[in-house]
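> below: sequence and its predicted model.
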Amino acid sequence: MNIIQNTAPINVVIITGSLRRDSLTLKMAKALIDLAPPSLKMEIVNIGNLQMYNEDLEIPFPPEEWVIFRERIKKAGAVLFITPEYNRSLPAVLKNAVDVGSAPHGQNVYKNKPAAIVSLSPGAMGAFGANHHLRQSLVFLDMPTMQQPEAYIGYSGQLFDDNGAFIQKSTKAYLLKFILAFDRWIEIQKVKS
Ligand SMILES: Cc1cc2nc3c(=O)[nH]c(=O)nc-3n(C[C@H](O)[C@H](O)[C@H](O)COP(=O)(O)O)c2cc1C
């Protein structure tokens, strides 16, 4: 298959599953932005201002925050989810962003957007549960989600130095491999569509 490299960078929206000021997830997002190739223009989108999903709020007009968020996802070429794990699943704030973008019925803004998931946790299991619960929703939302390489990053409390750079070269090398694979994944989805 011939893959034609687009000269304009692809706009990748990053959605993170933590609102905490000193969030390790946010540090991961910033570190991945630094690692990304020039073909990807990655931006973190705020989801902390989205009202909890309630279908009643769609009528007569949905909240402005929902409208802005949905438009932002619509314009994106791809979505990168980066999440911690809460109680062996994804944090409610992230599930809410998934739900807000998926509605109203028939207007799912995530449809066909190439996606990837990085999950991280201070424990050993790298938020595997959050990663796969999110993956389950992305199947329904019809997002072609990268399968390999996977990114379940454990011991997240030991990943970053005071400047937010990766302490271990091996972590940096693995995540570089991940983000380059995502770049290729996005290109492949473009050729298919
Ligand atoms: C409500 C709650 C539930 C949590 N559940 C899990 C869990 O199931 N698995 C896990 O590895 N860590 C769990 N943690 C710990 C988080 O992984 C940890 O606080 C992490 O640093 C949160 O991400 P952040 O640094 O980006 O905010 C939980 C934390 C909270 C606040």
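Now that the structure is in, tell me what you want to look at.

> drop to CA atoms for contacts and neighbour counts, all remaining ones
Noted.

> can you tell me the SS state at the residue positioned nearest the centre of the chain?
Centroid-nearest residue in the chain, with C-alpha atoms, centre = their mean: residue 81, separated by 1.5 Å. Following DSSP: H, G, I helix; E, B strand; the rest coil, the label given to residue 81 is strand.

> ok, residue 131 next?
Quick answer, by three-state DSSP: residue 131 is helix.

> surely it meets residue 83?
Yes: with contact defined as C-alpha atoms under 8 Å, residue 131 reaches residue 83; the gap is 7.5 Å.

> which intervals of this protein have sub-threshold pLDDT?
1-6 (pLDDT under 70).

> so where do the strands sit in it?
10-16, 40-44, 78-83, 115-120, 152-153 (DSSP state E).

> highest mean neighbour count out of these?
Stretch with highest mean neighbour count among these: strand 115-120 (a mean of 26; mean count of other C-alpha atoms under 10 Å).

> who are the packing partners of that one?
When contacts are defined as 3 or more C-alpha pairs under 8 Å, 6 or more residues apart in numbering; DSSP states H and E, strand 115-120 packs onto strand 78-83, helix 128-140, strand 152-153.

> can you list the residues that contact it?
25, 78-85, 126-128, 130-131, 135, 143-147, 150-156, 182 (C-alpha atoms under 8 Å, 6 or more residues apart in numbering).

> for the ligand, tell me which of the residues you listed show up nearby.
Restricting those to those near the ligand by C-alpha under 6 Å from any ligand atom leaves 25, 84, 85, 127.

> could you dump those into a markdown table and include neighbour count?
As requested, these are exported to a markdown table (neighbours: other C-alpha atoms under 10 Å):
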| residue | neighbour count |
| --- | --- |
| 25 | 22 |
| 84 | 30 |
| 85 | 22 |
| 127 | 26 |
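
> longest single helix anywhere in the chain?
Scanning the chain for the longest helix, with DSSP state H as the assignment, gives helix 169-192.

> that one: how far from the chain's middle?
13 Å (C-alpha atoms, centre = their mean, to the nearest Å).

> check which helices and strands that helix is in contact with.
Right, helix 169-192 is packed against helix 24-35 by 3+ C-alpha pairs under 8 Å, 6+ apart.

> give the buried residues for the helix it packs on.
Neighbour-count burial for helix 24-35, with 16 or more other C-alpha atoms under 10 Å as criterion, is recorded at 24, 25, 26, 27, 28, 29, 30, 31, 32, 33, 35.

> other residues contacting it?
Applying C-alpha under 8 Å, 6+ apart, the set of residues contacting helix 24-35 is 14, 16-18, 42-44, 82-84, 120, 156-157, 160, 164-166, 175-176, 179.

> the ligand contacts on the protein?
Counting by C-alpha under 6 Å from any ligand atom, the chain sits next to the ligand at 18, 20, 23-25, 84-88, 121-123, 127.

> pull the contacting residues for the residue located most distally from the centre of the chain.
Centroid-distance maximum for the chain: residue 60 at 30.2 Å, with C-alpha atoms, centre = their mean. Residues near residue 60 by C-alpha under 8 Å, 6+ apart: none.
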